[in-house]
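>>> give me coordinates for this.
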Amino acid sequence: MDTPDESPLQFPCDFPIKVMGRDEDDDFRSAAVSIVEAEVGRLSADAVTTQPSRNGRFLSVTVTVRAESREQLDSLYRRLSSHERVLVVL
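Sure, this is the predicted structure:
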């Protein structure tokens, strides 16, 4: 049986994180990428994709990071989830 500290992921690994927020006048994509880069370092251009909602009010930003540990991912999720512009992190 797995203990709670064990992860099914094998580190390091590429891990996609989806961040959703309102696509308002200022750039949500840049805000989301800045938060991620503060945790994992500079991202390549192909590590970031975006998808607007059908009505254009929301934006989904998917960032694929090179995760070194579960602790790093947990810290990144906490940082993203606590940001005022972020509505959902998956």
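>>> wait, what's in contact with the spatially most central residue of the chain?
Central residue of the chain (CA atoms, centre = their mean): I17, 3.9 Å from the mean position. With contacts defined as CB atoms under 8 Å, 6 or more residues apart in numbering, the neighbours of I17 are 36, 62-65, 76-77, 80, 89-90. From N, CA and C alone the C-beta is placed, and that goes for glycine too.
>>> likewise for F28?
21-22, 59, 61, 85.
>>> hmm, 10 Å instead?
19-22, 50, 58-61, 85-87 (CB atoms under 10 Å, 6 or more residues apart in numbering).
>>> avg pLDDT for stretch 47-64?
If you average the pLDDT over stretch 47-64, you get 95.
>>> what's that stretch in contact with?
14-24, 27-33, 35-37, 40, 43-44, 46, 65-66, 76, 80, 86-88, 90.
>>> check stretch 77-90 too.
16-22, 24, 26, 28, 31-32, 34-36, 38-39, 58, 60-63, 76.
>>> much appreciated, bye for now.
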